[in-house]
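J.: Fold the stuff below for me.
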Amino acid sequence: MREMWIPYAQVEEDWQLIDVRSPGEYAEGTIGEAINLPIFGDELRAEVGTAYKKKSVTEAKRRAVKAVSAQLPELYERFLSIEATGRPIAMFCARGGMRSQSFASLLRAIGHEVFVIEGGYKAYRQHMLQALHTLSGTRRFIVLHGNTGVGKTLILNALEEKGLDVIDIEALAHHRGSMLGRVGLEPQPSQKTFEDRFYRALKNAKSNNLFVEAESKRLGRVNIDDTVLAGMREGLHIYVDAPMWFREQEIVREYTRMEGAKQELLAIMDNFRKHLGNETVDEFVALIQANDYGPVAKVLMERYYDPKYEYTSNQYTYDLKVWVESVEAAAQEILTWYRQSVVKDA
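T.: Numbering: from 1, shown residues only. Prediction:
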């Protein structure tokens, strides 16, 4: 049987990772698609930590052993179900210490070849952030700019279908980066999970050219890394525009397609009162309650979103400008430009 300890850099893509930290630690951030097989639950972890600080190391270990020994049959059965996939297995805890080392040692003692990632999740985070910074400097971002509702995300999806490398930052963040950015979307990931997702998207790109949408630093409760933002500023820039009828149609489709979106929209309307006044927002509420979303979308674009975006859009010199009435035609125009002006000049 090979040496138990392994640096994360030597873990292959097809390996199955097992995170033995508590559910709370796992929820805050893990390594890619690692499976959570907690040695300690959140309460036990807190209890052991308290015993360690206020009593002694021996007492902390005593409590841990007593609690974990009762869980071993269940932990072992869960491990066997993971092992049955046939993939090599590496475990980790916070720092590659007691939890992962103890469980892996026990499994290896009864004939299972498992590995422990050196330094645990903390070492992985250092590796990942360094790689994120490096990749952000070596990839070339091709950034789509444009007002709300011009179809930037739809165009990105179409470009991805045509085989180009795309990172949908808003999909990674579960946020559209605006006042209505959370409507109809799943809960946002933690900052650590968002960074991990971004790193993997950069790492797994087939080429050095990545299409993204222009974003501000903050998307809800997560922030885009400064090196990513710098890479986006230094990239190529495409300005996307569309007629108001197209934008109104796209805004209504995007913000009403999910179940429960109507109630979310009504709950958020009060946030616009200081920007648009009580009379306008009261009209919005009445229109939404009547399922008449088009006029609301049009006024929001004309009086709120477009004026806010104008300053930012004027900061760039654009390599291409695209008028959108058909997402497919716009994506094809960008693809043609890409092949003739980007790939050809590379």
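
J.: and residue 96, how many neighbours?
T.: Neighbours of residue 96 under the rule other CB atoms under 10 Å: 22. Every C-beta, even on glycine, is put in place using the N, C-alpha and C of the backbone.

J.: swap in residue 228?
T.: For residue 228, the neighbour count with other CB under 10 Å is 26.

J.: and it, what pLDDT?
T.: Note on residue 228: pLDDT of 97.

J.: Residue 66 too?
T.: Value for residue 66, per-residue pLDDT: 74.

J.: Go ahead and list the helix or strand containing it.
T.: Using DSSP states H and E, residue 66 maps to helix 57-83.

J.: Packing partners of that helix?
T.: Packing contacts for helix 57-83, counted by 3 or more CB pairs under 8 Å, 6 or more residues apart in numbering; DSSP states H and E, involve strand 16-19, helix 42-54, helix 98-109.

J.: Check these for me and report the most buried one.
T.: strand 16-19 (a mean of 23; mean count of other CB atoms under 10 Å).

J.: For it, which strands pair with it and how are they oriented?
T.: Each strand paired with strand 16-19, and its direction, by DSSP bridges: strand 35-36 (parallel), strand 89-92 (parallel).

J.: that older thread, among the helices and strands packed on helix 57-83, which gets the worst mean confidence?
T.: Among those, helix 42-54 scores lowest, at a mean of 69.

J.: What's the local residue count around residue 241?
T.: Residue 241, neighbours per other CB under 10 Å, totals 16.

J.: scratch that, residue 315
T.: Counted with other CB under 10 Å, residue 315 comes out at 9.

J.: hang on, it in a strand?
T.: No: read with DSSP: H, G, I helix; E, B strand; the rest coil, residue 315 is coil and lies in no strand.

J.: which residues does residue 297 contact?
T.: 149, 247-248, 251-252, 255 (CB atoms under 8 Å, 6 or more residues apart in numbering).

J.: Compare those and tell me which is most surrounded.
T.: Most neighbours among the contacts of residue 297, by other CB under 10 Å: residue 149, with 25 neighbours.

J.: Verify the contact between that one and residue 300 for me.
T.: No: applying CB atoms under 8 Å as the test, residue 149 and residue 300 come out as separate, 9.3 Å apart.

J.: shared neighbours, these two?
T.: Residues touching both residue 149 and residue 300 by CB under 8 Å, 6+ apart: residue 251.

J.: Low-confidence regions, the stretch 51-200 of the chain specifically.
T.: Where the stretch 51-200 of the chain drops to pLDDT under 70, the residues are 51-55, 59-60.

J.: and the residue nearest to the spatial centre of the chain, what is it in contact with?
T.: By CA atoms, centre = their mean, the mean C-alpha position of the chain lies nearest to residue 172, the distance being 2.9 Å. Residues near residue 172 by CB under 8 Å, 6+ apart: 189, 194, 197-198, 201.

J.: again, 6 Å this time
T.: 197-198 (CB atoms under 6 Å, 6 or more residues apart in numbering).

J.: element containing it, please.
T.: Using DSSP H and E, residue 172 falls within helix 169-173.

J.: same thing with residue 245?
T.: Per DSSP H and E: helix 244-256 holds residue 245.

J.: Compare the helices and strands packed on helix 57-83 and give me the one nearest residue 284.
T.: Among those, helix 42-54 comes nearest to residue 284, with 42.0 Å by CB to CB.

J.: Break this structure down into its domains, please.
T.: Per automatic domain parsing, the structural domains of the chain span 5-125, 139-343.

J.: Check the offset of the longest one from the chain's centre.
T.: The gap between the average C-alpha position of domain 139-343 and the chain average comes to 15 Å, counting by CA atoms, centre = their mean, to the nearest Å.

J.: that older thread, looking at the strands paired with strand 16-19, which is buried most?
T.: Among the strands paired with strand 16-19, strand 89-92 has the highest mean neighbour count (mean count of other CB under 10 Å), at a mean of 25.

J.: For that strand, which outside residues touch it?
T.: The contact list for strand 89-92 (CB under 6 Å, 6+ apart) reads 11, 15-18, 20, 100, 104, 114-117, 120-121.

J.: Likewise for stretch 308-322?
T.: Looking at what lies outside stretch 308-322 - CB under 6 Å, 6+ apart - the contacts are 145, 147, 236-240, 330, 333, 337.
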